[in-house]
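Colleague: here are the coordinates; sequence isn't available:
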């Protein structure tokens, strides 16, 4: 029999490690969306003193390489310090799996992004962001690139749905050029609040649908 | 020995029937000459007769229409000849507008796109949620510039059967040439060309347990068509090259072997599968039309899980099926059919096509549904989407 992945990938796909969610996680993230294809959620528990990852779990709505990468990064990250875990990249995950097909990079990068975003979420919530630069439009746009437009399967920025962004006294206002009764307006609104709400100097996120 | 695969991807291709091979063999080893004219030598005359008989056999199951059947290398070539051949022959004199449906298979869709790049205007007709085109809409988009309409008989992924009789009537009323890709309906659904006003029809052998590499294009009398391949005068001077006589003989044999009982049996297997999945697995949707569908196709979306994960798990357990998920395709694009019928990416992402053939048994359905129950459950446990929304 000839399978499209190597034995190690298949083994992680069949029996993924550290699957599930963590109640009251110290940090969590969701990358991708059902619309763009793959989606991964990462949950972490952090030892406040040592800054080591005590526990890590993941969930995946994705293809085999997404599931296998989610599995391997939780193995690689567990017990590491946040600084060490942040350095885990796609190459390391792919090598640990004995190689992933190039065309599947996108699906597996998502899992790596998920780990980094969960760590960032923890750092933001615990005031650990070292460079406390004030939030700018560029920073907001960068984050909105991770909010998907389910109809296009691409993010809001690439599909030109961001009308305007206003940042004032800890309030970020995002104008999205979709009608308020759009079938995905609620989901998109929630995702924007989640992505921006954890920024260190943001107290309030307001999403307005302007079309 | 490896475990035998339970193959449920017969829409992609089928296992050839041994009887087809037996019918083909003499044309490799005994009557291997090219088809000569009636004044050639005996081996060549015998070859020509075999080719003529194969052609007549296929035309007979299509209702013996007055028109020609051109053998090709398969349905991709047939559809290319039909669309580009008509356009080339008319050379823009009659107009430069073409209409196709949004959910056509790639040979038609990409032939239309290629002409679009050359300056033709192409209308990609929407369908309803079942994959059916709207006749009123078709009537509306036909204009004086329209020269060709290509709308499939049955869909390759979701199996929906169009009302080609009505479409053909519409085309004929407007004096527009009508091509239909019948690759997925041929021999599974009756097609009587002497009753239907179809100008061009694409069929293939490998989807009905015949050999790969042979298909045909039916061309009604008087339909303008440019020569496709230059060379000799074979295939009515439309497609040059030494004829694939073993292929043609195999194609005709494959046609001969399909029976009404077989189609009834395929329908039973399909309905058994659909019913079983709907009863035993939650959160599924049948894609395509509940009744107007080819007898051997079922296409089902399993919510909250991704199709490539399902097919890989199935593969590891010895089942072959395909999915409309982007992750499965070479292009990493989600199924244009599921998106075309108004489904979202999630619906395409979790869609699985099951297609039956001659060698499937009822037991195959029992086995695959057992496997699916386990696989879908396992994938839903690790999915962040539960009950339809992310937590």
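Modeller: Sure, I can see it. Keep in mind that this is a model prediction, so the values were computed, not measured. Numbers count the residues shown, from 1 in each chain, chains lettered A, B, ... in the order given.

Colleague: Buried ones in the helix or strand hosting residue A:114, by neighbour count?
Modeller: Secondary structure from DSSP states H and E places residue A:114 in helix A:105-125. The neighbour-count check on helix A:105-125 (16 or more other Cβ atoms under 10 Å in any protein chain shown) flags A:106-124 as buried. For glycine as for every other residue, the C-beta is placed from the backbone atoms N, C-alpha and C.

Colleague: restrict those residues to contacts with chain B.
Modeller: Applying Cβ under 8 Å from any Cβ of the partner chain, the subset of the buried residues of helix A:105-125 adjacent to chain B comprises A:106-107.

Colleague: hmm, who's touching the helix or strand bottoming out on mean pLDDT in chain A?
Modeller: Ranked by mean pLDDT, DSSP states H and E, the helix or strand of chain A with the weakest confidence is strand A:148-149, at a mean of 72. Residues outside strand A:148-149 that contact it (Cβ atoms under 8 Å, 6 or more residues apart in numbering or on different chains): A:32-33, A:35-36, A:154-156, A:159, A:161, A:184, A:188, A:191.

Colleague: Can you turn the buried part of those into a PyMOL selection?
Modeller: Provided next is the PyMOL selection string for whichever of those are buried by 16+ other Cβ under 10 Å:
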select buried, chain A and resi 32+33+35+36+154+155+156+161+184+188+191
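
Colleague: got the contact list for residue 165?
Modeller: I went with chain A, as the question did not name one. A:137, A:140-141, A:172-175.

Colleague: Switch to chain B, please.
Modeller: Contacts of residue B:165 (Cβ under 8 Å, 6+ apart): B:195-196.

Colleague: ok, now with 7 Å
Modeller: The contact partners of residue B:165, taken as Cβ atoms under 7 Å, 6 or more residues apart in numbering or on different chains, are residue B:196.

Colleague: Against chain A, how distant is it?
Modeller: Separation of residue B:165 from chain A (Cβ to the nearest Cβ, to the nearest Å) stands at 35 Å.

Colleague: So which residues of the chain form helices?
Modeller: Just going to use chain A. For chain A, applying DSSP state H gives helices covering A:7-14, A:64-77, A:82-86, A:90-96, A:105-125, A:137-144, A:185-197.

Colleague: please go with chain B instead
Modeller: Assigned by DSSP H, chain B shows helices spanning B:18-24, B:26-29, B:42-61, B:75-90, B:106-117, B:135-141, B:164-173, B:234-237, B:245-257, B:260-280, B:307-316, B:336-340, B:345-349, B:362-382.

Colleague: and those helices, which one is worst for confidence?
Modeller: The weakest mean pLDDT among the helices of chain B belongs to helix B:345-349, with a mean of 84.

Colleague: Show me what that one is packed against.
Modeller: helix B:336-340 (3 or more Cβ pairs under 7 Å, 6 or more residues apart in numbering or on different chains; DSSP states H and E).

Colleague: Now find how far off-centre the helix it packs on is within its chain.
Modeller: 16 Å (Cα atoms, centre = their mean, to the nearest Å).

Colleague: for that helix, packing partners?
Modeller: Short answer (3+ Cβ pairs under 7 Å, 6+ apart): helix B:336-340 packs on helix B:345-349.

Colleague: on that earlier part again, mean confidence for the helix holding residue A:114?
Modeller: Per-residue scores along helix A:105-125 average to 87.

Colleague: what's it in contact with?
Modeller: A:26-29, A:31-32, A:38, A:40-44, A:46, A:58, A:62-63, A:65-66, A:69-70, A:73, A:77, A:82, A:85-86, A:88-90, A:93-94, A:100, A:129, A:198-200, B:327.

Colleague: Counting neighbours, which of the residues you listed end up buried?
Modeller: Buried among the contacts of helix A:105-125 by 16+ other Cβ under 10 Å: A:26-29, A:31-32, A:38, A:40-44, A:46, A:58, A:62-63, A:65-66, A:69-70, A:73, A:77, A:82, A:85, A:88, A:90, A:93-94, A:100, A:198-199, B:327.

Colleague: re earlier: out of the contacts of strand A:148-149, who's nearest chain B?
Modeller: residue A:35 (4.5 Å; Cβ to the nearest Cβ).

Colleague: And the closest one, what's its pLDDT?
Modeller: pLDDT, residue A:35: 61.

Colleague: ok so, going back, can you redo the helices of chain B as TSV with distance to residue B:192?
Modeller: Compiled in TSV, those are given as follows (distance: least, Cβ to Cβ, whole Å):
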stretch	distance to residue B:192
helix B:18-24	24
helix B:26-29	29
helix B:42-61	9
helix B:75-90	19
helix B:106-117	22
helix B:135-141	20
helix B:164-173	10
helix B:234-237	23
helix B:245-257	15
helix B:260-280	14
helix B:307-316	37
helix B:336-340	27
helix B:345-349	34
helix B:362-382	31
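
Colleague: per-domain residue ranges of chain A.
Modeller: Annotated domains of chain A cover A:7-125, A:137-209 [automatic domain parsing].

Colleague: Touching, residue B:367 and residue B:6? I think so.
Modeller: Yes - using Cβ atoms under 7 Å, residue B:367 is in contact with residue B:6, at 6.2 Å.

Colleague: So for those two, which sits in the more crowded spot?
Modeller: Each of residue B:367 and residue B:6 has its neighbours counted (other Cβ atoms under 10 Å in any protein chain shown); residue B:6 has more, 20 against 15.

Colleague: one step back: show me what the least confident helix or strand of chain A pairs with in its sheet, parallel or antiparallel.
Modeller: strand A:154-155 (antiparallel) (DSSP bridges).

Colleague: which other residues reach the strand it pairs with?
Modeller: By Cβ under 7 Å, 6+ apart, the list of residues contacting strand A:154-155 reads A:36, A:144-149.

Colleague: What's the local residue count around the closest residue to residue B:17 other than its chain neighbours?
Modeller: Of all residues not flanking residue B:17 in the chain, residue B:209 sits nearest, at 4.3 Å (Cβ to Cβ, 6 or more residues apart in numbering or on different chains). Residue B:209 has 26 neighbours, counted by other Cβ under 10 Å.

Colleague: Residue B:209 against residue B:254, yeah?
Modeller: Yes - at 5.4 Å, residue B:209 counts as touching residue B:254 under the criterion of Cβ under 7 Å.

Colleague: any common contacting residues for these two?
Modeller: B:17, B:20.

Colleague: Could I get the contacting residues of residue B:304?
Modeller: Per Cβ under 7 Å, 6+ apart, neighbours of residue B:304: A:61, B:283, B:380, B:383, B:385-386.

Colleague: what's the closest non-adjacent residue to it?
Modeller: On the basis of Cβ to Cβ, 6+ apart, the spatially nearest residue to residue B:304 that is not a chain neighbour turns out to be residue B:385, at 4.3 Å.

Colleague: measure residue A:182 to chain B for me?
Modeller: 13 Å.

Colleague: Please identify the residue of the stretch 101-250 of chain B positioned nearest to chain A.
Modeller: For the stretch 101-250 of chain B, Cβ to the nearest Cβ, closest residue to chain A: residue B:129, 14.8 Å.

Colleague: So what's the residue count around that residue?
Modeller: Around residue B:129 there are 11 residues (other Cβ under 10 Å).

Colleague: residues contacting residue B:240?
Modeller: Here residue B:240 is in contact with B:229-232, B:234 (Cβ under 7 Å, 6+ apart).

Colleague: Please apply the same query to residue B:188.
Modeller: B:263, B:294-296.

Colleague: okay if I get those residues as CSV plus neighbour count and distance to residue B:124?
Modeller: As requested, the contacts of residue B:188 are exported to CSV (neighbours: other Cβ atoms under 10 Å in any protein chain shown; distance: Cβ to Cβ, whole Å):
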residue, neighbour count, distance to residue B:124
B:263, 17, 31
B:294, 26, 23
B:295, 19, 28
B:296, 26, 27
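
Colleague: ok, so of those, who is nearest residue B:151?
Modeller: Nearest to residue B:151 among those, counting by Cβ to Cβ, is residue B:294 at 15.4 Å.
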